[in-house]
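K.L.:
Need a 3D model of the sequence below.
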Amino acid sequence: MKWKLTGRYLISIVLVVVLVIFINLILGIAMITAQLTFDIPIFQNREISPEEFTREFQKEIVSDDGKITLSDKGQNELEKKNAWIQVLDENGQEVYGFGGPPNLKKKYTPADVVQMYKYKEVNAETVVYVGEKEGNGRQFSYLIGIENHNLDRQFISYNTQDIKRLINIGMVVLLIDVLIALMIGYLFSKTLTKPLHKLIDGIKRLANHEFDHHSESNGLYKNVFYNLNYLSDQLKVSERERNRLDSMREEWISNISHDIKTPLSSIQGYAEMIKEPDYDFTLEEIRDYAGIIEAKSIYIKEVVEDLNLSTRLKNKELTITKKEVNLVALLRKIIIDLLNDPKYADRNIEFHANLDNITAEVDEILFRRAVTNLIYNAIVHNDEHVKIDVSIENKEKPTILIKDNGKGIQQRELERIFDRYYRGTNTGVAHKGSGLGMAIAHDIIGVHDGEITIDSEIGKGTTITIQL
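P.N.:
Numbers count the residues shown, from 1 in each chain. Have a look, this model is predicted:
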């Protein structure tokens with residue numbers, strides 16, 4: 001795997017270099033073709049070359065009865081190019097000159113002409129070009145010197161054997177360069193791909209649920225490894241939380257199954273007794289048994305309704321019907337209904353409000369359910385002498401407090417009190433049901449865009465705060 005990754009990286013580098021060279025060659029050929037075919041000035045401007053200018057200049061040399069002169073056009077062209085001309089006869093003697101410097105010779109041997117053409121004999125910025133003119137049966141030569149520091153001409157003599165030797169040496173050097181490039185590319189690729197091996201290994205570990213492994217890198221991939229390690233930590237926390245929730249759910253399913261089986265057993269037992277012809281029950285006994293069956297059925301129905309409500313709240317499938325409600329009147333009625341229940345008639349529940357009318361937009365049925373669950377939680381998790389104070393005041397927003405002076409809740413349980421499936425360890429024997437009451441209350445307050453918090457101290461009691 002490591003060799004494959006390094007090899008692919010190296011091949012990709014070589015391919016990129018070859019591709020760039022290939023593209024440059026294509027572009028170069030395309031530009032040369034465009035210049036030759038469409039006369040587009042890419043590599044050189046549109047002006048004719050000095051050699052072509054020299055050859056064409058013979059048209060501007062006029063021979064009249066053996067006398068040599070220049071046309072006006074020729075003189076203008078020489079002045080534009082900052083050039084001069086010497087016209088020589090067959091013996092190399094000057095017969096005409098225009099614009100030349102004073103140090104020019106008046107007579108040239110063939111060797112002098114060659115020297116003038118090959119080298120800068122006049123000055124360092126003048127290049128001399130040679131042309132030929134025929135007229136009236138005579139043969140004239142002319143020298144045109146162009147003074148331009150951008151012009152240059154070099155003559156090179158060479159031996160083909162030396163060129164072949166140079167090519168052979170160049171091929172060897174090229175081969176060595178390729179080998180050096182491959183070696184450097186390999187080392188470079190290995191350096192760059194080494195952290196990738198660690199990265200791939202780290203990802204494989206995450207896929208195998210090995211979240212304790214951390215990889216460190218201080219180079220190019222530092223941020224990548226940092227995020228990989230952060231992801232590992234987050235997955236570790238999520239895995240731990242998932243295991244905790246799975247454990248709670250299994251425990252909850254076990255408890256809820258037991259809680260449902262118990263009333264079902266009672267219902268089944270009393271129904272079989274009433275059905276049995278061998279038993280002769282009085283009307284009063286039958287009514288007692290029917291009352292027990294009814295109570296157990298209501299209990300099972302409440303558990304099923306809790307499950308349904310909790311699921312719909314969790315999946316945001318519940319339709320909320322909000323309207324403006326006087327929370328003071330609503331809370332007072334909730335407490336009165338609780339105290340009118342024979343099971344809680346002797347409980348010490350008090351209500352306080354600093355105003356007679358504090359309104360809010362709520363779904364009255366759901367909000368009643370949430371507050372009832374919270375007060376009921378304070379009742380069943382404490383002994384029968386606990387004092388429960390319910391109060392409401394209008395600060396920046398309506399605030400409801402549910403306080404008790406009961407047993408209190410341990411800190412580790414406070415962190416889980418609103419979790420689905422969680423039941424407190426100090427639940428009383430009277431507390432049976434789905435175990436979803438606090439989670440339902442929390443979700444109902446949430447869908448009203450409210451906030452619910454809980455504070456508690458062992459031996460001093462618990463305070464639940466609702467802000468809408």
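
K.L.:
Could you grab the helix/strand/coil label for Ile292?
P.N.:
helix (DSSP: H, G, I helix; E, B strand; the rest coil).

K.L.:
Does it touch Ser266 like I think?
P.N.:
Yes - the pair Ile292 / Ser266 is scored as a contact, 6.3 Å apart, by Cβ atoms under 8 Å. C-beta coordinates here come from the backbone N, C-alpha and C atoms, glycine included.

K.L.:
The longest helix along the chain: how far from the chain's middle?
P.N.:
Ranked by residue count, the top helix of the chain under DSSP state H comes out as helix 222-275. How far helix 222-275 lies from its chain's middle: 35 Å, per Cα atoms, centre = their mean, to the nearest Å.

K.L.:
same question, stretch 271-290
P.N.:
72 Å.

K.L.:
Quick check: the gap between the residue lying farthest from the centre of the chain and Leu182.
P.N.:
In the chain, the residue that sits farthest from the middle, by Cα atoms, centre = their mean, is Asp65; the gap is 89.1 Å. Applying Cβ to Cβ, to the nearest Å, the value for Asp65 to Leu182 is 76 Å.

K.L.:
can you pull the pLDDT of Val429?
P.N.:
Predicted confidence (pLDDT) for Val429: 43.

K.L.:
got any ranges where this structure has weak pLDDT?
P.N.:
Confidence mapping of the chain against pLDDT under 70 gives the ranges 1-10, 35-36, 38-47, 66, 217-220, 248, 252, 255, 420-435.

K.L.:
domains for it, by residue range?
P.N.:
Per the record, the chain has its domains at 2-42+157-193, 50-147, 223-310, 319-467, by automatic domain parsing.

K.L.:
distance between the ends of the longest one?
P.N.:
This stretch, domain 319-467, spans 21 Å end to end (Cα to Cα, to the nearest Å).

K.L.:
where exactly do the helices run in this structure?
P.N.:
2-38, 50-56, 72-80, 110-118, 160-207, 222-275, 283-314, 327-340, 364-380, 411-414, 437-447.

K.L.:
Can you check what angle separates the last one from helix 364-380?
P.N.:
Put plainly, it is helix 437-447. 150 degrees (axes from the mean of the first three to the mean of the last three Cα atoms, to 10 degrees).

K.L.:
Check the longest one too.
P.N.:
Relative orientation of helix 222-275 versus helix 364-380 (the same axes, to 10 degrees): 80 degrees.

K.L.:
Tell me the helices and strands packed up against helix 222-275.
P.N.:
Contact here means 3 or more Cβ pairs under 8 Å, 6 or more residues apart in numbering; DSSP states H and E; on that basis helix 222-275 packs against helix 160-207, helix 283-314.

K.L.:
One more: the second one?
P.N.:
In terms of contact count using 3+ Cβ pairs under 8 Å, 6+ apart, helix 50-56 is assigned the packing partners strand 126-135, strand 138-147.

K.L.:
would TSV of those with mean neighbour count be doable?
P.N.:
Shown next, in TSV, are the helices and strands packed on helix 50-56 (neighbours: other Cβ atoms under 10 Å):
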stretch	mean neighbour count
strand 126-135	18
strand 138-147	19
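
K.L.:
Out of the ones you listed, which is closest to Asp419?
P.N.:
strand 126-135 (94.5 Å; Cβ to Cβ).

K.L.:
in its sheet, what does the closest one sit against?
P.N.:
strand 138-147 (antiparallel) (DSSP bridges).

K.L.:
what's the partner strand in contact with?
P.N.:
50, 53-54, 57-58, 61, 63, 66, 68, 78, 81-90, 92, 95, 100, 108, 113, 116, 122-123, 125-134 (Cβ atoms under 8 Å, 6 or more residues apart in numbering).

K.L.:
and that strand with helix 110-118, angle?
P.N.:
40 degrees.

K.L.:
Report the backbone C-alpha coordinates of strand 138-147 in PDB.
P.N.:
The C-alpha atoms that make up strand 138-147 are tabulated as PDB, following Å, rounded to 0.1, in the frame of the first residue of the first chain:
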ATOM      1  CA  ARG A 138      28.900  46.900 -64.600                       C
ATOM      2  CA  GLN A 139      28.900  45.000 -61.300                       C
ATOM      3  CA  PHE A 140      28.800  47.100 -58.200                       C
ATOM      4  CA  SER A 141      29.000  46.000 -54.500                       C
ATOM      5  CA  TYR A 142      27.600  48.000 -51.700                       C
ATOM      6  CA  LEU A 143      28.000  48.000 -47.900                       C
ATOM      7  CA  ILE A 144      25.100  49.100 -45.700                       C
ATOM      8  CA  GLY A 145      26.000  49.800 -42.000                       C
ATOM      9  CA  ILE A 146      23.100  49.900 -39.600                       C
ATOM     10  CA  GLU A 147      23.800  51.500 -36.200                       C
END
